[in-house]
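>>> Show me how the following folds:
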Amino acid sequence: MAELRGANIPPPHAAFDAIMEDGAVIRVRRHGIAGAPRLVLSHGNALAIDGYFSFWGRLLDRYDVIVYDFRNHGDNPPHHPAHHQWKRFIQDDERIWHAIREQWDARPMAGVFHSLSAVTAVMHTLEMGRRWDPLVLFDPPIHPREGHPLQAVQIFHEGEIAGRARRRTERYKSPDALAQLFAHVPQFKLWRPEAYELMARATLRRDEAVGDWVLACPRELEAHVFESNRDATIWPRMKNLPVPCKLICGDPASEHKQPRRSSDARSPRRPRSNTKRSRIPRTFFRSSAPTNASARWKPSCVRMGLSISAPPRAFGTRSALINF
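Predicted structure coming up:
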């Protein structure tokens with residue numbers, strides 16, 4: 001397993017700009033070992049993939065690691081706000097999947113996605129068929145099916161988050177200021193020490209005209225994604241996924257847990273398919289030594305076609321395989 005040194009992200013071995021159907025530019029980067037099993041990773045709403053380097057940086061000595069940010073996130077140039085929609089996200093994933101195959105080669109790609117990108121990957125796969133194979137999804141905030149008792153909780157919670165997004169400070173004198181803010185958020189207390197700086201740098205864009213730093217994903221776009229995550233048909237349709245799917249969800253025993261999502265293991269009518277679920281603390285950045293998570297991670301991933309001998313340390317200490 002690769003060791004991390006500070007918060008410095010190595011330059012990619014290769015990169016290209018993928019052009020979306022509406023002209024938006026999404027930058028795709030390649031790290032790790034060419035020819036090794038391929039992982040493609042992306043991030044959650046208003047975050048950016050470089051902020052997850054504490055996680056994917058530990059995979060570089062054994063995988064071909066490809067990373068990208070969603071439109072209007074991270075290092076991508078801003079694009080038309082009206083196009084910041086779930087339908088576009090699905091189209092973008094399809095475009096990126098084909099572009100990676102055309103740019104490099106057509107080997108299978110495991111999709112390793114968090115939150116926004118995880119929900120998008122499910123919708124993309126349901127609409128387009130076998131693409132990312134397998135899917136490994138971290139905390140996908142899938143909207144509860146119609147009539148589920150958690151549906152009202154989810155709607156209230158997403159509205160609450162959207163309100164906070166609209167009130168976020170938009171400009172900062174430096175990424176350090178945002179990093180210090182992240183460090184004082186209770187839900188982020190389990191992040192690894194370097195993750196605060198990584199995520200701050202990844203989610204801000206330098207405004208040379210003003211001389212300060214601005215959020216790469218505008219507040220209103222962040223809020224819109226939370227409020228528009230309302231498709232109650234996704235969870236029941238997941239039984240039709242044509243690829244193996246692993247859900248790695250937040251630990252309900254954590255003192256920093258947020259309201260349960262429909263991905264909670266106790267949620268009724270779980271999709272009966274080749275989907276599996278594990279639980280870890282609700283973060284990629286937890287600093288702790290591996291325990292029996294290694295024993296549980298390896299066999300489940302090998303069954304899905306991934307050769308993984310142990311989870312990164314950032315996965316934390318609690319992990320349990322729950323079969324559907």
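>>> Just give me the neighbour total for the closest residue to residue 80 other than its chain neighbours.
Distance criterion C-beta to C-beta, 6 or more residues apart in numbering; nearest residue to residue 80, sequence neighbours excluded, is residue 22 at 7.0 Å. Every residue, glycine included, has its C-beta placed from N, CA and C. The number of residues packed near residue 22 is 13, by other C-beta atoms under 10 Å.
>>> Could you double-check that residue 22 sits in contact with residue 82?
No. Between residue 22 and residue 82 there is no contact under C-beta atoms under 8 Å: 9.8 Å.
>>> Distance of the residue lying closest to residue 62 once chain neighbours are set aside relative to residue 30?
Nearest residue to residue 62, sequence neighbours excluded (C-beta to C-beta, 6+ apart): residue 36, at 6.2 Å. Distance, residue 36 to residue 30, by C-beta to C-beta, to the nearest Å: 11 Å.
>>> Residues that sit against both of the two, list them.
residue 64 (C-beta atoms under 8 Å, 6 or more residues apart in numbering).
>>> Looking at these two, which is more packed in?
residue 30 (19 against 16).
>>> secondary structure class for residue 105?
Look at residue 105: counting by DSSP: H, G, I helix; E, B strand; the rest coil, its state is coil.
>>> Can you give me the neighbour number for it?
11.
>>> Walking through this structure, point out its strands one by one.
Shown for the chain, the strands assigned by DSSP state E span residues 14-19, 25-32, 38-42, 64-68, 109-114, 132-138, 171-172, 204-207, 212-215, 245-250, 275-280, 322-323.
>>> pLDDT on the last one, on average?
This points to strand 322-323. In this model, strand 322-323 has a mean pLDDT of 25.
>>> and if you look at the first one?
For strand 14-19, the mean per-residue pLDDT is 98.
>>> Check stretch 202-214 too.
For stretch 202-214, the per-residue pLDDT averages 97.
>>> got the contact list for that stretch?
Counting by C-beta under 8 Å, 6+ apart, 46-51, 73-75, 170-175, 178, 215-217 sit against stretch 202-214.
>>> Buried ones among those?
Neighbour-count burial (16 or more other C-beta atoms under 10 Å) is assigned, among these, to 46-51, 73-75, 172, 175, 178, 215-217.
>>> ok, these vs residue 15, which is closest?
Nearest to residue 15 among the buried ones among the contacts of stretch 202-214, counting by C-beta to C-beta, is residue 75 at 10.0 Å.
>>> Could I get the phi/psi values of that closest one?
Main-chain torsions, residue 75, degrees, to the nearest 10: phi -90, psi 0.
>>> Can you give me the pLDDT of it?
Reported pLDDT for residue 75: 94.
>>> list the contacts for the residue nearest in space to the middle of the chain?
Taking C-alpha atoms, centre = their mean, the centroid of the chain lies closest to residue 114, which sits 2.1 Å from it. The contact partners of residue 114, by C-beta under 8 Å, 6+ apart, come to 42, 43, 44, 47, 52, 137, 138, 139, 284.
>>> Name the member of those with the most neighbours.
Busiest of those [other C-beta under 10 Å] is residue 42, holding 30 neighbours.
>>> That one and residue 48 touch, don't they?
No. Contact criterion C-beta under 8 Å: residue 42 and residue 48 do not qualify, at 9.3 Å.
>>> So for those two, which residues contact both of them?
Going by C-beta under 8 Å, 6+ apart, residues that sit against residue 42 and also against residue 48 are residue 69.
>>> For residue 212, the count of nearby residues, please.
15.
>>> Would you mind naming the residues that pair with it in a beta bridge?
Residue 212 forms beta bridges with residue 207, as assigned by DSSP bridges.
>>> so residue 248 bridges to which residues?
In this entry, residue 248 is beta-bridged to residue 138, residue 278, by DSSP bridges.
>>> ok, it to residue 236 distance?
For residue 248, the distance to residue 236 - C-beta to C-beta - is 21 Å.
>>> out of the two, which sits in the more crowded spot?
Neighbour count, other C-beta under 10 Å: between residue 248 and residue 236, residue 248 has more, with 24 against 14.
>>> circling back to that earlier point, name the nearest residue to the residue nearest to the centre of the chain, sequence neighbours excluded.
residue 138 (4.2 Å).
>>> Can you give me the pLDDT of that neighbour?
For residue 138, the model assigns a pLDDT of 95.
>>> Contacts only, for it.
Residue 138 touches 112, 113, 114, 115, 118, 248, 249, 284, counting by C-beta under 8 Å, 6+ apart.
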